[in-house]
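> just need the structure, nothing else, for what follows:
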Amino acid sequence: ETLYIGGPGGSFQKTIEEKIIPLFEAKTGAKVVYAPGSSTDTVAKLMAQKGQQDLSFILIDSGPMTNAVEQKLCAPLPNIPVLDDIYPGARLPGGTAVGYGFYATGLGYNKEVFAKNGWEAPTSWFDLGDPKYKGKVVVGIVSGYGVETLAMLAHAAGGSEKNIEPAFQFMAEKVAPNALAWEGAPATVSQMLQTGEAALVVLGNVRVQPVIDQGAPVAFVYPKEGARLGMGTACVVDGAPQPKLAAQLMEVVLSPAAQVELAKGVAFGPVNSKVELAPELAAKVVYGPEKVKALVAVDWAYINKQLPEWTQRWNREVER
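Next up is the predicted model:
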């Protein structure tokens, strides 16, 4: 039997194909075909193929997954024992999707550029608007890290994504003049940070850590107002051609062995409370209930509903 699954490309795909799929294939004797794509593209594909899906299992970010759940693209969570070991915060509302790894969205900076200019390490979301970083700040587009930045600026101002006005004002008046680029490809942002072309960026620790591991002079910062709680999420596709195999793959992905491989390979923190990481590895990822609790969760269901209007406003006021 062959199971078709969808998920991100790059180093994530490599970790899944080399470390986790072999665990599944040894257990089931089935084969897996991996279809790489962005989270939003994967959801769009499922919507287009509703009623005749070819994918049985997806691994996508929590924002697009919230949309997938609302569109009823995910089947109810399978009855697998490992779900009892998952942190409550890793279960998405609706009972159809679950997190497979935690990460944090915060600030990445190039230590060499900062040292050369005599700058202190950044500590706050509001540092993005400091005039001394003019032409050295990179933020994602509004459908990616851009909207996360808006949400976190709103939280940092003492509100939330439901009071977005202060965030838009700060982005337009303070951050936009500093922007070197509004870059939609996180891999490109990582490269710009690595070379020093960008001194300060908004990025996930799962994007910054591989650059650190390569020996580049960069660092990840959890802002004092809190980093965003990010989560890679998984679900069995509603109408999946191979629902039983997909349920078995979910069980493998959430197993302690696979969770350790995700931490090693792509810096995802374990959602399985039974996982134990070596101290050196634990320091690189979101690990343990206290670290998870310190992150800020945003309301993706609300954000997804506002995104069309916010996109128009972003294009008019911020990225102009």
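> quick one: the helices in the stretch 201-320 of the chain?
205-213, 243-253, 256-266, 279-282, 289-293, 300-317 (DSSP state H, counting those that start in this stretch).
> among those, which is nearest residue 273?
Residue 273 sits nearest to helix 289-293 of all the helices of the stretch 201-320 of the chain, at 7.6 Å, using CB to CB. Just so you know, the C-beta spots here come from the backbone N, C-alpha and C atoms, and that holds for glycine as well.
> residue 294 is in contact with residue 226, isn't it?
Yes: if you go by CB atoms under 8 Å, residue 294 and residue 226 touch, sitting 6.8 Å apart.
> neighbour-wise, which of those two wins?
Taking other CB atoms under 10 Å, residue 294 and residue 226 do not tie; residue 226 has more neighbours (17 against 13).
> any idea how far that one lies from residue 104?
9 Å (CB to CB, to the nearest Å).
> so what sits against both of those two?
Counting by CB atoms under 8 Å, 6 or more residues apart in numbering, the shared contacts of residue 226 and residue 104 are residue 295.
> closest one to residue 82 among the helices of the stretch 201-320 of the chain?
Among the helices of the stretch 201-320 of the chain, the nearest to residue 82 by CB to CB is helix 243-253 (5.4 Å).
> quick one: the closest one to helix 256-266, angle?
Relative orientation of helix 243-253 and helix 256-266, computed by axes from the mean of the first three to the mean of the last three CA atoms, to 10 degrees: 70 degrees.
> report the rounded mean pLDDT for helix 243-253.
Helix 243-253 carries an average pLDDT of 98.
> circling back to that earlier point, so for residue 166, which of the helices of the stretch 201-320 of the chain sits nearest?
In terms of CB to CB, the element of these nearest to residue 166 is helix 300-317, at 13.2 Å.
> what residues of that closest one count as buried?
By 16 or more other CB atoms under 10 Å, the buried positions in helix 300-317 come out as 300, 303, 306-307, 310-311, 313-314.
> packing partners of it?
Under the contact criterion of 3 or more CB pairs under 8 Å, 6 or more residues apart in numbering; DSSP states H and E, helix 300-317 touches helix 62-70, helix 147-156, helix 165-170.
> can you add mean neighbour count, mean pLDDT and distance to residue 231 and give those helices back as CSV?
Shown next, in CSV, are the helices and strands packed on helix 300-317 (neighbours: other CB atoms under 10 Å; pLDDT from 0 to 100; distance: least, CB to CB, whole Å):
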stretch, mean neighbour count, mean pLDDT, distance to residue 231
helix 62-70, 22, 94, 4
helix 147-156, 24, 97, 12
helix 165-170, 17, 97, 22
